[in-house]
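Trainee: please find the sequence and the predicted model below.
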Amino acid sequence: MDLDTKIDEFNKVGKTISARLKKLSIETVRDLLLYFPFRYDDFSQVVTISSLKPGMVATICGRVDLIANRRSPRQKKMLTEAMICNDTDSIKAIWFNQPWITKNLSSGDKVYISGKVQGDLFENYFNSPSYEKLSADNIHTARLVPIYSLTDGLTQKQIRYLVKSALPIVNEVEDFLPAEIITEQKLLALDRAISQIHFPASGQALSAARKRLAYDEIFLLQVWSQLVKNNFKDKKAYHIKFHKHKTRDFIHNLNFKLTVDQKKATWEILQDLAGDEPMNRLVEGDVGSGKTVVATIAVYNTALNNAQSVLMAPTEILAFQHYQTMNKLLGKEIKIGLLTRSQRCVSDYEGKLSKKKFLNRCRKRDIDLIIGTHTLIQPEVEFKKLALIIIDEQHRFGVEQRQVLKQKDSSFATLSSSPYQGTVPEGRRGLPRTPHFLSLTATPIPRSLALAFYGDLDLSIIRQMPHGRKSIITKVVLPAKRQLAYEFILKQINSGRQVFVVCPLIDPSDKLGVRSVTEEFKKLDQQIFPNLEIGLLHGRLKSEQKEKVIADFTDNKIKILVSTSVIEVGIDMPNATVMMIEGSERFGLAQLHQFRGRVGRGEHQSYCFLFSDSGDLASNQRLQSLVDCSDGFALAQKDLELRGAGQVYGQDQSGFYNFKMADLSDLDFIAEIKKTAIKFVAENDLSDFPLLKEKLSALGLLDHLE
């Protein structure tokens, strides 16, 4: 047996069990050892039977005096009852529908019993406790007992038994972390950490194991981030000269004043653009904080330098919104194009261009800014002197997609042809140019997450909201208050305002019991507001249908728009004053805050109603935190603590690295590892650390370096 032994060949694991293990992505012994518990039952304190009280979670050691199966008189369930005795007292243990226990335990056996004590003043008993015969190495009782995520047909005991059986070869797991770092940081060896994370000898041993495994996760990502940064430093960017007077005139002609944070972010970007190295910056701002105008100033200066910019958005709705907004801001100054699956238009041309003509204009640099979706990375799309790439909601794109976009400059311009050739060192002339990279996100990210996920990016944060923006009144609406909320919404519509309604699903799901847009649309249209024009918007609609719905909502023909989370970003409707969210307990705080940001963009007071059918106290307390707080950064931190990065930001679709052990709210821990990674990369060649390099490659990180 070795680490690569298939799980169905290991320790007499049959086809049925191996199929169930594969549902948990456990296909080899290595996978099994790296399948970590998500929590532990603390059964480590062994107490006397006489000291037990109802409500205690405890472990006792005793002798089985009696054990038998019988049927309960009313429900006819099979009960297994045992009497456990020691020198201090005796207590009953009861199991339901587990008659095989009488084959595992017999009178006279010495056992550990662990679980919660139930009972009253007259009799105490254990209800469905864990049990285990006394041995030198107990794994189910009398210790910190690991609890694993399961699938149908697997039990905790089966997983524990298999892991324990595999631990003898844990020393074959090669330690990729450099020895000097293990020593300096006083970390456990990797094999020791894996052993202790499964079966910790004590709480202290568990903490040490967690620290080592969490360190690995953060360190790997930070090393990759520093390699990306260094890789960027070796590239040569287009030099975008800052046009001071024209930029000042542009800002002066805006019908609003930039906030201090907007001015600071703009200046940081303009300084980056004027440098020789490619910019690699993330602008993070709350919903409605004004990131678009900051990006627009960067685009304007790029166009004034006779270079192209590209803005890629995750949805057609958002791309179209950017096209409209930037046309209002820059339409008379530069040529702006829109390229999506269904749209090809340019600001200086009436109507829709053919695909061939649009792509030719891109190649000839006859369009200064091209806004689009994933369509921008199709093979036939090429640009000329592409100097600036802007990615909106960057966590929705994979690293590969961003890389493809960076390599689409058809000019392959070299420094030898540059008007700035005199400032370029001899050894770097003739190199192809790398576009500047600007990423935007309206999803507030706690600083710890930004450090962990975006260590390769410089960070600009826009916290201030535009002047005069009114606070959105937020309420949790329980079923008893639903009718009052409908009456309030009708008053808002009668006053000329409009309403968003968001649901978690497109179609009904009996299994989940969650409201869908199709049934909510039908209910509102036929029962609640039969005299109002109601629109339906979701991802399965054709592009033409989406455009028609949005246009009608913009023109106030549609009074209520029922939608999925497709409207989370990019919809800017100043006349909409009510955001009504069905099944709000199904969303994270960060996403709910995004929905709330779709209203409150005009002069009128706006409202967000969180409809919830859940009676769960924790869910309602979480929703109440949204009522009490309007700061997206604070809410994102709260969501991170409550739900973890995977649930908050959707790792499967976001490209976020999948942390198993790291506590992403521990800013000091992450910052310290980042410092170590910076020093390591600066002082070492990765090729001297083949195990670390192999680990980075296995995670798919090294492949993304240009």
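Mentor: Alright, I've got the coordinates. Residues are numbered from 1 along each chain as shown.

Trainee: where do the helices of the stretch 251-400 of the chain begin and end?
Mentor: If DSSP state H, counting those that start in this stretch is used as the criterion, the helices of the stretch 251-400 of the chain fall at 260-273, 291-304, 316-330, 355-363, 399-406.

Trainee: meant to ask about the stretch 451-600 of the chain, not that
Mentor: 482-494, 517-523, 543-554, 589-596.

Trainee: helices and strands around the second one, which ones?
Mentor: Translated: helix 517-523. On a contact count with 3 or more Cβ pairs under 8 Å, 6 or more residues apart in numbering; DSSP states H and E, helix 517-523 meets strand 534-537, strand 560-563. In short, each C-beta sits where N, CA and C put it, glycine included.

Trainee: one more pass at 6 Å, please.
Mentor: strand 560-563 (3 or more Cβ pairs under 6 Å, 6 or more residues apart in numbering; DSSP states H and E).

Trainee: the strand it packs on pairs with which strands?
Mentor: strand 498-502 (parallel), strand 534-537 (parallel) (DSSP bridges).

Trainee: what's in contact with it?
Mentor: With Cβ atoms under 6 Å, 6 or more residues apart in numbering as the contact definition, strand 560-563 has outside contacts at 499-502, 517, 520-521, 534-537, 553.

Trainee: centre of the chain to that strand, how far?
Mentor: Offset of strand 560-563 from its chain centre (Cα atoms, centre = their mean, to the nearest Å): 26 Å.

Trainee: cool, stretch 87-96 as well?
Mentor: Distance, centroid of stretch 87-96 to centroid of chain: 46 Å (Cα atoms, centre = their mean).

Trainee: for the record, mean pLDDT for that stretch?
Mentor: Mean pLDDT, stretch 87-96: 93.

Trainee: shaky segments in this structure?
Mentor: 394-431, 443-454, 507-515, 568-571, 615, 639-658, 700-706 (pLDDT under 70).

Trainee: returning to that earlier point: just name the closest of the contacts of strand 560-563 to L686, please.
Mentor: Nearest to L686 among the contacts of strand 560-563: V502, at 46.1 Å, using Cβ to Cβ.

Trainee: what's opposite the closest residue in space to the closest one that isn't next to it in sequence in the beta bridge?
Mentor: Nearest residue to V502 in three dimensions, chain neighbours excluded: I581, at 4.8 Å (Cβ to Cβ, 6 or more residues apart in numbering). I581 forms beta bridges with V502, L610, as assigned by DSSP bridges.

Trainee: so which residues of the stretch 551-700 of the chain form strands?
Mentor: 560-563, 576-581, 607-611 (DSSP state E, counting those that start in this stretch).

Trainee: have a look at this protein and report its longest helix.
Mentor: Looking across the chain with DSSP state H, the single longest helix is helix 203-233.

Trainee: where does the closest residue in space to S128 that isn't next to it in sequence sit: helix, strand or coil?
Mentor: The shortest distance from S128 to any non-neighbouring residue, by Cβ to Cβ, 6+ apart, is to W95 (5.4 Å). Per DSSP: H, G, I helix; E, B strand; the rest coil, the local secondary structure of W95 is strand.

Trainee: next: R70.
Mentor: Applying three-state DSSP: R70 is strand.

Trainee: measure it to W100 for me?
Mentor: Note on R70: its distance to W100, by Cβ to Cβ, to the nearest Å, is 15 Å.

Trainee: nearest to G600, out of the strands paired with strand 560-563?
Mentor: Nearest of the strands paired with strand 560-563 (Cβ to Cβ): strand 498-502, 11.4 Å.

Trainee: between that closest one and strand 607-611, how many degrees?
Mentor: Strand 498-502 and strand 607-611 are oriented at 30 degrees to each other (axes from the mean of the first three to the mean of the last three Cα atoms, to 10 degrees).

Trainee: got a list of contacts for strand 498-502?
Mentor: 489, 559-563, 575-576, 578-581, 595, 598.

Trainee: out of the strands paired with strand 560-563, deepest packed?
Mentor: A comparison of the strands paired with strand 560-563 by mean neighbour count, using mean count of other Cβ atoms under 10 Å, puts strand 498-502 on top with a mean of 25.
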